[in-house]
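Asks: Got a predicted model here, sequence first, then my questions.
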Amino acid sequence: MKSPIPSPTGADRRRGAFRAGDSVQLTDVKGRHHTFVLERGQAYHTHRGILGHDSIIGSPEGSVVVTATGVEHLALRPMLQDYVLSMPRGAAIVYPKDAGQIVAMGDIFPGARVVEAGVGSGALTLSLLRAVGDGGSLLSIERREDFAVIARANVEGFFGGPHPAWNLRIGDFAEAVTEACEPGSVDRIVLDMLAPWENLEEAATVLAPGGVLIAYVATATQLSRVAEDLRTCGHFTEPFAWESIMRTWHLEGLAVRPDHRMIGHTGFLIMSRRLAPGVEAPPRRRRPAKGAYPLDGSWSAEDIGERMVSEKKVRRLSRRAAGVTEDKGP
């Protein structure tokens, strides 16, 4: 008789009737979302009445619950995209549309050995852990300890505790990745940082031949610098770059048209693959235009127009996240 297959981390929180400790997302008649954690004996207060948590606990997903004043809400568990867009942020997040592109275009598979640099608030981390599964490994490297505290609280809040495939390190990518990974042992690397071109040599060292490198950058000048340095370093194939733009549609009878709002440019993605050691890529057939190479010099967040996060907000979120982690215990 076959032994039962263990349930992946976090899967039990995604199915069955609502339980105390589960997150629930209520949708009102105007389509507004209200998300909170269910606790016995507690109540959720809205401007249109009070809703007891006990009236939701034990109900299946997709149930309609009614406030004390008779207002109906649809109760569902929040999906990953809902959680990401509503969770506390210390740094700007990788939006779900871009995280999905990274997982799909980067061919991140169950059991893969993945490294990400620039954890931020943990948005991309959630998608990567979902993709590699319990049998894979994800090494996340973050330079700022306060961001790492927020990211850990967000990740453990979503999965209901530590994920067995996750290793979070504080430090510089170039040092941390070569200390933690053997040469040629990593399947995929995702760089979400200000100057990813500074770490191409270290990425090439730990990437296995055929491994994928993806960089997420905000501006066209960054994109150009990464592309040119990938070409000149000699370890990677010809890079491929793109961006994704998401536009929703209004659907009501015959009134079917694009919505007036859309999620436009959030960042560029650029991908390349590791060549076998000692192999040179075939030369490019097109000649780059004169003046295509950027000037040498250091880059700062101000240079690319990145919106800075206030230190006061980061400290507040770090204290809150540290309190959540302490409450969970070891």
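Replies: Looks like it arrived, so ask away.

Asks: The chain: helices as residue ranges?
Replies: Here the chain has its helices, by DSSP state H, at 80-86, 96-105, 123-132, 145-159, 173-180, 200-206, 220-233, 311-328.

Asks: now the end-to-end length of stretch 161-181.
Replies: One end of stretch 161-181 to the other measures 25 Å (CA to CA, to the nearest Å).

Asks: And the contacts of it?
Replies: Identification of contacts with stretch 161-181 by CB atoms under 8 Å, 6 or more residues apart in numbering yields 9-10, 115, 117, 119, 125, 129, 132-145, 148, 151-152, 155-156, 186, 191, 193, 198-199, 202-203, 205-206, 328. Bear in mind the C-beta positions are built from the backbone N, C-alpha and C, glycine included.

Asks: Where does pLDDT dip in this protein?
Replies: 1-4, 286-307, 324-330 (pLDDT under 70).

Asks: Now do the contacts for the nearest residue in space to residue 22 that is not next to it in sequence.
Replies: Using CB to CB, 6 or more residues apart in numbering and skipping the chain neighbours, the partner closest in space to residue 22 is residue 38 (5.3 Å). The contact partners of residue 38, taken as CB under 8 Å, 6+ apart, are 18, 19, 20, 21, 22, 23, 24, 53, 56, 57.

Asks: now the end-to-end length of stretch 180-195.
Replies: Note: stretch 180-195 ends 21 Å apart using CA to CA.

Asks: Which positions in it come out as buried?
Replies: By neighbour count with 16 or more other CB atoms under 10 Å, stretch 180-195 contains the buried residues 180, 181, 186, 187, 188, 189, 190, 191, 192, 193, 194, 195.

Asks: Could you identify the most distant pair in those residues?
Replies: 187 and 194 (24.6 Å; CB to CB).

Asks: Need the distance between the two termini of stretch 110-127.
Replies: Start-to-end, stretch 110-127 (CA to CA) is 12 Å.

Asks: now it: how far from the chain's centre is it?
Replies: Centroid separation between stretch 110-127 and its chain, computed with CA atoms, centre = their mean, to the nearest Å, is 6 Å.

Asks: where's residue 246 relative to residue 216, distance?
Replies: In this view, residue 246 and residue 216 are 16 Å apart by CB to CB, to the nearest Å.

Asks: Tell me which of these two has more neighbours.
Replies: A direct count of neighbours by other CB atoms under 10 Å for residue 246 and residue 216 places residue 216 higher, at 23 against 13.

Asks: that older thread, return the member of the buried residues of stretch 180-195 nearest to residue 32.
Replies: Ranked by distance to residue 32 (CB to CB), those are led by residue 192 at 30.7 Å.

Asks: Tell me who's in contact with the spatially closest residue to residue 211 that is not a sequence neighbour.
Replies: Distances taken as CB to CB, 6+ apart put residue 274 closest to residue 211, at 4.5 Å, once the chain neighbours are dropped. Counting by CB under 8 Å, 6+ apart, residue 274 touches 204, 207, 208, 209, 210, 211, 212, 213, 235, 236.

Asks: count of neighbours near the second one?
Replies: It refers to residue 207. Other residues near residue 207 number 26, with proximity taken as other CB under 10 Å.

Asks: ok, it to residue 235 distance?
Replies: From residue 207 to residue 235 the distance is 8 Å (CB to CB).

Asks: Leaving out chain neighbours, which residue sits closest to residue 28?
Replies: Take residue 28 and drop its neighbours on the chain: the residue closest to it by CB to CB, 6+ apart is residue 73, 5.5 Å away.

Asks: in terms of contact, does residue 185 touch residue 206 like I think?
Replies: Yes: look at residue 185 against residue 206 with CB atoms under 8 Å: they come within range, at 6.2 Å.

Asks: intersection of neighbour lists for the two?
Replies: Common neighbours of residue 185 and residue 206, counting by CB under 8 Å, 6+ apart, are absent.

Asks: So this structure: which segments form each domain?
Replies: Structural domains assigned to the chain are 11-78, 82-313, following automatic domain parsing.

Asks: which of the ones you listed sits most buried?
Replies: Of all these, domain 82-313 carries the top mean neighbour count, a mean of 17, counting by mean count of other CB atoms under 10 Å.

Asks: most centrally placed residue in this structure?
Replies: Nearest to the geometric centre of the chain sits residue 124, at 1.2 Å (CA atoms, centre = their mean).
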